[in-house]
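Participant: Fold the stuff below for me.
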Amino acid sequence: MATYKCFKCGKKITNTKLQKRFLCPNCGSKIFYKPRKYTAKIKAV
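Facilitator: Here you go, the predicted model:
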């Protein structure tokens, strides 16, 4: 199950709540992002 985060209010939303309309149930925003669990550091050569 994928989880998204609202860009405006910052609340976590699961994809089951977003099946019909891609709108935040808390604030009504349409902009989401998928939070990453870790960041990969790349060393420049």
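Participant: Could you list the buried residues of stretch 2-10?
Facilitator: Taking 16 or more other Cβ atoms under 10 Å as the basis for neighbour counts, the residues of stretch 2-10 that come out buried are 4, 6. The way it works is simple: take the backbone N, C-alpha and C, and place the C-beta from them, glycine included.
Participant: mind listing what residue 25 touches?
Facilitator: Residues near residue 25 by Cβ atoms under 8 Å, 6 or more residues apart in numbering: 13, 17.
Participant: Which helix or which strand is home to it?
Facilitator: Here residue 25, judged by DSSP states H and E, is contained in no helix and no strand.
Participant: Would you mind giving me the confidence score for it?
Facilitator: Residue 25 is assigned a predicted lDDT (pLDDT) of 85.
Participant: next one: the one 5 residues further on
Facilitator: Predicted confidence (pLDDT) for residue 30: 87.
Participant: distance of it from residue 16?
Facilitator: To residue 16, residue 30 is 18 Å away according to Cβ to Cβ, to the nearest Å.
Participant: now residue 9
Facilitator: For residue 9, the distance to residue 16 equals 19 Å [Cβ to Cβ].
Participant: Where does pLDDT dip in this structure?
Facilitator: Under the criterion of pLDDT under 70, none of the chain is flagged as low confidence.
Participant: ranges for the strands of it?
Facilitator: Per DSSP state E, the chain has strands spanning 3-6, 12-14, 32-33. These are given in chain order.
Participant: next one: the second one to chain centre, how far?
Facilitator: Computed by Cα atoms, centre = their mean, to the nearest Å, the separation of strand 12-14 from the middle of its chain amounts to 7 Å.
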